[in-house]
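Visitor: coords please:
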Amino acid sequence: MAHYVFAKYGEITHMTTFRTELVDLKRGERVILRSDRGTDLGVIVHPPFESETPPAGGLMGEILRRITSEDLSRLKHVEEVDMKTEAKYCNERILFHKLPMKLVDIEHVFGGEKIIFYFLAEGRVDFRPLVRDLAKEYRTRIELKQIGVRDEARLLADYDHCGREICCRTFIHDLEPVTMKMAKAQKATLDPTKISGRCGRLMCCLRYEDKVYDEMKRNLPRKGARVVTERGTAEVIDYDVISQTLRVEMQGGDIVKVQMKEVKQVIPRNEEEYQKRQQERAQHRAQQQQQRGAGPGDSGRGQGDQRNRGQRPRRSDGPQSQPPRSDTKPPAGPGPARPEGANRDVQPPQEAQPARDVQPPKDAQPPRDATGPESGSAPKGGPSAQQG
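Guide: Residues are numbered from 1 along each chain as shown. Below is the predicted model:
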């Protein structure tokens, strides 16, 4: 009877079953193993167990030995020296070939059989010239692997805002899709900054309790159904899955909370009646908002403001919106009577500029033959003064 152990290896975590002769291995211990990629560094996930046949999922290799101090020093040199040099050279060749890609991380297979370059790109990239340059420089097998933003977080991120190490780096192997429907079913906030992980997508942990919420939701009646309780018949408006509480509207219009255990009978909803009641509620809410807006003391937010919300005065850039100039002619129409013989094109006295050789009216001396207004002299500042 052979001994088997579960172990994970690689930057993008691979976890499978390995055969081992070391029966005293412990969880979390680092070992050297042989996988489909070659000699690699791994971590024990589950201690050894006996079995006549390999577990489901197939056998990927075997555990060779425990890690030694020489292995650790070699690993440190690869991470601190070799990988930095390789990243710099790879970025230079990417710029040289003008490839639309971004280098994310580099992984060395511990036995030296392969170097893996992980990169991001929006579409397919022809990186064959880059592979030839890298293979010529490092004399080993080169693999370029395109990844997504979730795999990028798995490679580079460490802890999430919950305080724990990110799930995709510790135990999640297959990244299954997470939808907004799961967040809504759990009454989670829809703020993207609070329900998104390090990758910028919805957090994987929203998927953990989704099945539990589905099972608990089956015990609750739908919105619009009628329930019979000790208080009477009521209509379900909302519900809370975790507390198994219903928010119902009684026949008198009162809204109360009822525990599911208090419900004696559930009457399925009628779709036509439910839609009709939804429309009536919407109209009632709209009327209440209008009444609140038209109340006294409401400045600028009343009913009139709602009616005229889309009728704000337009800002006109044409000449009609500009103020009239001082040299424009007065509008046609009846006006004050002009003295006989006066020129109609002459501006009003207060706008007329006096001639250079004529003194202002207030300082002008009356003519010698003028003795008063009966002598027929022109009015002060009138057309006769401008003609003089």
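
Visitor: which stretches of the chain have low pLDDT?
Guide: 56-59, 294-388 (pLDDT under 70).

Visitor: for it, what spans make up the helices?
Guide: 69-77, 83-97, 128-138, 149-156, 167-170, 180-185, 192-195, 210-217, 271-293, 303-307, 383-387 (DSSP state H).

Visitor: Check which helices and strands the second one sits against.
Guide: For helix 83-97, the contact count by 3 or more C-beta pairs under 8 Å, 6 or more residues apart in numbering; DSSP states H and E identifies strand 102-108, helix 128-138 as packing neighbours. Every C-beta, even on glycine, is put in place using the N, C-alpha and C of the backbone.

Visitor: in this structure, which spans are strands?
Guide: Ranges of strands within the chain are 2-9, 14-20, 30-35, 38-51, 59-66, 102-108, 114-120, 141-146, 226-229, 232-240, 245-250, 255-259, 265-267, based on DSSP state E.

Visitor: Kindly reformat these as CSV containing mean neighbour count and distance to residue 171.
Guide: As requested, the strands of the chain are exported to CSV (neighbours: other C-beta atoms under 10 Å; distance: least, C-beta to C-beta, whole Å):
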stretch, mean neighbour count, distance to residue 171
strand 2-9, 19, 9
strand 14-20, 19, 8
strand 30-35, 19, 17
strand 38-51, 17, 8
strand 59-66, 16, 18
strand 102-108, 18, 20
strand 114-120, 19, 21
strand 141-146, 16, 22
strand 226-229, 17, 42
strand 232-240, 16, 31
strand 245-250, 19, 34
strand 255-259, 13, 37
strand 265-267, 13, 41
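
Visitor: any idea how far the residue nearest to the spatial centre of the chain lies from residue 162?
Guide: Closest residue to the average C-alpha location of the chain: residue 192 at 5.6 Å, with C-alpha atoms, centre = their mean. From residue 192 across to residue 162, the span is 16 Å (C-beta to C-beta, to the nearest Å).

Visitor: cool, and residue 12?
Guide: Between residue 12 and residue 162 the distance is 22 Å, computed by C-beta to C-beta.

Visitor: Name the residue in the two with the higher neighbour count.
Guide: Neighbour count, other C-beta atoms under 10 Å: between residue 12 and residue 162, residue 12 has more, with 16 against 11.

Visitor: Verify the contact between the more buried one and residue 154 for me.
Guide: Yes. With contact defined as C-beta atoms under 8 Å, residue 12 reaches residue 154; the gap is 6.1 Å.

Visitor: Look up how far residue 111 lies from residue 61.
Guide: Residue 61 is 12 Å from residue 111, by C-beta to C-beta.

Visitor: One more: residue 16?
Guide: 18 Å.

Visitor: distance of residue 228 from residue 242?
Guide: 24 Å.

Visitor: Which one of the strands of the chain lies nearest to residue 94?
Guide: strand 102-108 (6.6 Å; C-beta to C-beta).

Visitor: Strand partners (parallel or antiparallel) of the closest one?
Guide: strand 114-120 (antiparallel) (DSSP bridges).

Visitor: Name the surrounding residues that touch the strand it pairs with.
Guide: 11-12, 37-38, 86, 90, 101-109, 125, 134, 138, 140-149, 151-152, 155 (C-beta atoms under 8 Å, 6 or more residues apart in numbering).

Visitor: give the contact list for residue 178.
Guide: Here residue 178 is in contact with 201, 202, 203, 204, 206, 207 (criterion: C-beta under 8 Å, 6+ apart).

Visitor: I'd like to know how many residues surround the nearest residue to it once chain neighbours are set aside.
Guide: Of all residues not flanking residue 178 in the chain, residue 202 sits nearest, at 4.2 Å (C-beta to C-beta, 6 or more residues apart in numbering). When neighbours are defined as other C-beta under 10 Å, residue 202 has 19 of them.

Visitor: domains for this structure, by residue range?
Guide: 2-67, 73-147, 155-214, 221-273 (automatic domain parsing).

Visitor: Quick one: the ones you listed as TSV, columns for distance to residue 290 too.
Guide: Shown next, in TSV, are the domains of the chain (distance: least, C-beta to C-beta, whole Å):
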stretch	distance to residue 290
domain 2-67	59
domain 73-147	50
domain 155-214	29
domain 221-273	20
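
Visitor: Nearest to residue 285, out of those domains?
Guide: domain 221-273 (13.1 Å).

Visitor: Between the two ends of that closest one, how far is it?
Guide: 16 Å (C-alpha to C-alpha, to the nearest Å).

Visitor: Residue 157: what's it in contact with?
Guide: 166, 169, 198, 199.

Visitor: List just the nearest of those residues to residue 33.
Guide: Closest approach between the contacts of residue 157 and residue 33, by C-beta to C-beta: residue 169, at 19.2 Å.

Visitor: how close does the closest one get to residue 208?
Guide: Where residue 208 is concerned, residue 169 sits at a distance of 16 Å (C-beta to C-beta).

Visitor: cool, and residue 2?
Guide: 34 Å.

Visitor: How about residue 237?
Guide: Residue 237 is 29 Å from residue 208, by C-beta to C-beta.

Visitor: Likewise for residue 139?
Guide: 46 Å.

Visitor: Between these two, which is the more surrounded one?
Guide: Between residue 139 and residue 208, residue 208 has the larger neighbour count (other C-beta under 10 Å), namely 11 against 7.

Visitor: what would the helices and strands packed on helix 83-97 look like in JSON lines with distance to residue 219?
Guide: Output for these, formatted as JSON lines (distance: least, C-beta to C-beta, whole Å):
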{"stretch": "strand 102-108", "distance to residue 219": "46"}
{"stretch": "helix 128-138", "distance to residue 219": "57"}
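
Visitor: For burial, what's the neighbour tally of the closest residue to residue 162 other than its chain neighbours?
Guide: Distance criterion C-beta to C-beta, 6+ apart; nearest residue to residue 162, sequence neighbours excluded, is residue 205 at 7.7 Å. When neighbours are defined as other C-beta under 10 Å, residue 205 has 16 of them.
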